[in-house]
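Asker: attaching a predicted model along with its sequence, questions to come.
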Amino acid sequence: MKKTILLLMSVQFFVYLGFGIIIPILPEVILAEGFSEVHVGGLLTIYALSSFFTAPLWGALSDRTGRKKLIMIGLLGFSVSFFLFAAFMHHIVLLYVSRVVGGIFSGALYTAVTGFVADITTEENRNKYMGLLGMSIGLGFIFGPAIGGILGDVHLQLPFITSGTLTLLLTVYAMIILKEPNRHSEGNKRAIIPKGASTLWTYRIRYLFITSFIITFLLAGVEATFQLFQIDKIQITPLQLGYLFMASGLVDAAIQGGVVRRVKNGTETSWIIVAQVVTAIGLILIPFSTSLLWAGFAMSVFTAGNALVRTVLVSLTTKESGGMYGTAAGLSYSMDNMGRIIGPLLFTWVFTMQAGNMYFVSAIIALLSIGLVFIFRKSPRSLRNIPDAIA
């Protein structure tokens, strides 16, 4: 099991490394080729849109056909997307094609990996292993932009060729090491459990999906505006911003690897409430930035809360899925991507009018989302309890 978990952590790391690696390179590519700057946002958005629309389909498919097959397909497709981007930097339409391919297959990887971990763990130790996956995601976000910047300074194509090659090698390794897990049989044993993704929305798990959207919406909005805001407040430089995101990424990894694994089964909702309060505090601190140290502290507090709630929520969602781990993971991933589509656009628009006030509004949204947790707790329509679920 140890080798399997390490491999699945590697898959998550490379998926989010691939997401982060493009951040410092994309503007350079667009400007170097003389394309309109609007394509920077377009190429980021199309990736999230592709994942949003296809992740539930991948999740349902992984529930039916198995996890290993989907991981193999996802890794191959994700690798191809890097090579496409590197080969067709001069053709804007093909750049969009490469991002669509990357978004589609990243959704396959996320849902299959999450379902795989749910299959090989129990409810008692799932928080621990979901935390390790979350730590891998955090590390991908840390090293992605850094590697992209370093290799891109040598040649703009190099980061994508390197990532594509490493992902291809990971595919071969996964083919050898991974064994299809013994599926937990709740979904097969309980005829009453819904067969389609849409039916999950009739149960209380829907409140977890909505919470997932809010969490990612806030995170994506902060990522999109933090630099603009701190330029006005403390004249932050790109290098300093890189240090801050690296520090906050380390906080993310520490929370995932240290705190989440200690969350006991049955206490998830309490941890989600605490995490959202911490998130709100971090958001409130951001507008008061007067120095680089304060900005880093505020960002780290926000990251700590956001990292904790993200992974605990994923674990709780699998427990509420009635054995439909892949389907639930696909829906959660789609809600995450919706947050990444709407968050940057809305936050940037509000920033042009309200600047720092948007962080106070965001803190209020974080606190209001706690209400969803209380509604979830009181709802009797749980897939854990079949008599309640059909009541």
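Answerer: In hand now; what should we look at?
Asker: tell me which stretches of the stretch 251-391 of the chain form helices.
Answerer: Ranges of helices in the stretch 251-391 of the chain, per DSSP state H, counting those that start in this stretch, are 268-285, 292-319, 325-354, 357-368, 370-378, 386-389.
Asker: give the other helices and strands that the third one contacts.
Answerer: Just to be clear, that refers to helix 325-354. helix 38-65, helix 92-120, helix 197-200, helix 205-234, helix 292-319, helix 357-368 (3 or more C-beta pairs under 8 Å, 6 or more residues apart in numbering; DSSP states H and E). In short, each C-beta sits where N, CA and C put it, glycine included.
Asker: and His90, helix, strand or coil?
Answerer: Under DSSP: H, G, I helix; E, B strand; the rest coil, His90 falls in the coil class.
Asker: surely it is in contact with Ala32?
Answerer: No - look at His90 against Ala32 with C-beta atoms under 8 Å: they stay out of range, at 9.6 Å.
Asker: so who does Phe52 touch?
Answerer: Phe52 makes contacts with 334, 337-338, 341, as judged by C-beta atoms under 8 Å, 6 or more residues apart in numbering.
Asker: got those residues as CSV, with distance to Asn357 columns?
Answerer: Shown next, in CSV, are the contacts of Phe52 (distance: C-beta to C-beta, whole Å):
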residue, distance to Asn357
Ser334, 30
Asn337, 27
Met338, 24
Ile341, 23
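Asker: list the buried residues in stretch 146-166.
Answerer: Residues 146-149, 151-152, 156-164, 166 are the ones in stretch 146-166 that count as buried (16 or more other C-beta atoms under 10 Å).
Asker: closest to Val278 among the residues you listed?
Answerer: The closest of those to Val278 turns out to be Ala146 (C-beta to C-beta; 26.0 Å).
Asker: distance check, that closest one against Met246.
Answerer: From Ala146 across to Met246, the span is 7 Å (C-beta to C-beta, to the nearest Å).
Asker: equivalent analysis for Ile234, please.
Answerer: If you go by C-beta to C-beta, the gap between Ile234 and Met246 works out to 18 Å.
Asker: likewise for Ser50?
Answerer: To Met246, Ser50 is 28 Å away according to C-beta to C-beta.
Asker: between those two, which one's more packed in?
Answerer: Ser50 (22 against 15; other C-beta atoms under 10 Å).
Asker: which residues touch that one?
Answerer: Each residue near Ser50 by C-beta under 8 Å, 6+ apart is listed here: 99-104, 107.
Asker: now for the closest residue to it other than its chain neighbours, how many residues are close by?
Answerer: The spatially closest residue to Ser50, leaving aside those adjacent along the chain, is Gly103, at 2.9 Å (C-beta to C-beta, 6 or more residues apart in numbering). By the other C-beta under 10 Å criterion, the neighbourhood of Gly103 contains 24 residues.
Asker: thinking again about what came up before, dump the contacts of Ser50 to TSV, plus distance to Ala280.
Answerer: Listed next are the contacts of Ser50 as TSV, based on distance: C-beta to C-beta, whole Å:
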residue	distance to Ala280
Arg99	33
Val100	35
Val101	37
Gly102	33
Gly103	30
Ile104	34
Gly107	30
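Asker: filter those down to the buried ones.
Answerer: Buried among the contacts of Ser50 (16+ other C-beta under 10 Å): 99-104, 107.
Asker: which among those gets closest to Phe360?
Answerer: Closest approach between the buried ones among the contacts of Ser50 and Phe360, by C-beta to C-beta: Gly103, at 32.5 Å.
Asker: I'd say that closest one and Thr45 touch.
Answerer: No - the pair Gly103 / Thr45 is not scored as a contact, 9.8 Å apart, by C-beta under 8 Å.
Asker: so what's the residue count around Phe85?
Answerer: Phe85: 29 surrounding residues under other C-beta under 10 Å.
Asker: which helix or strand contains it?
Answerer: Element membership of Phe85 [criterion: DSSP states H and E] is helix 67-87.
Asker: residues of that helix that come out buried?
Answerer: Neighbour counts over helix 67-87 (16+ other C-beta under 10 Å) mark 67-68, 70-75, 77-86 as buried.
Asker: can you pull the contacts of the residue most central in space within the chain?
Answerer: Central residue of the chain (C-alpha atoms, centre = their mean): Asp336, 6.4 Å from the mean position. By C-beta under 8 Å, 6+ apart, Asp336 lies in contact with 212-213, 216.
Asker: do the same with Thr279
Answerer: Taking C-beta under 8 Å, 6+ apart, one finds 215, 218, 302, 305-306, 309, 363, 366 in contact with Thr279.
Asker: most surrounded residue in the residues you listed?
Answerer: Neighbour-wise, the contacts of Thr279 (other C-beta under 10 Å) top out at Val309, 31 neighbours.
Asker: what about the nearest residue to that residue once chain neighbours are set aside, neighbour count?
Answerer: Of all residues beyond its chain neighbours, the one nearest Val309 is Ala275 (3.6 Å), with distances taken as C-beta to C-beta, 6+ apart. Using other C-beta under 10 Å, Ala275 is surrounded by 26 other residues.
Asker: may I ask you to confirm that Ala275 is in contact with Val301?
Answerer: No - Ala275 is beyond contact range of Val301, at 11.3 Å (criterion: C-beta under 8 Å).
Asker: could you report the distance from Thr114 to Thr121?
Answerer: Counting by C-beta to C-beta, the gap from Thr114 to Thr121 is 11 Å.
Asker: what about those two, which has more around it?
Answerer: Higher neighbour count among Thr114 and Thr121: Thr114, with 28 against 20, using other C-beta under 10 Å.
Asker: identify the residues contacting Leu49.
Answerer: Contacts of Leu49 (C-beta under 8 Å, 6+ apart): 103, 337, 341.
Asker: state the distance from it to Ser212.
Answerer: 17 Å.
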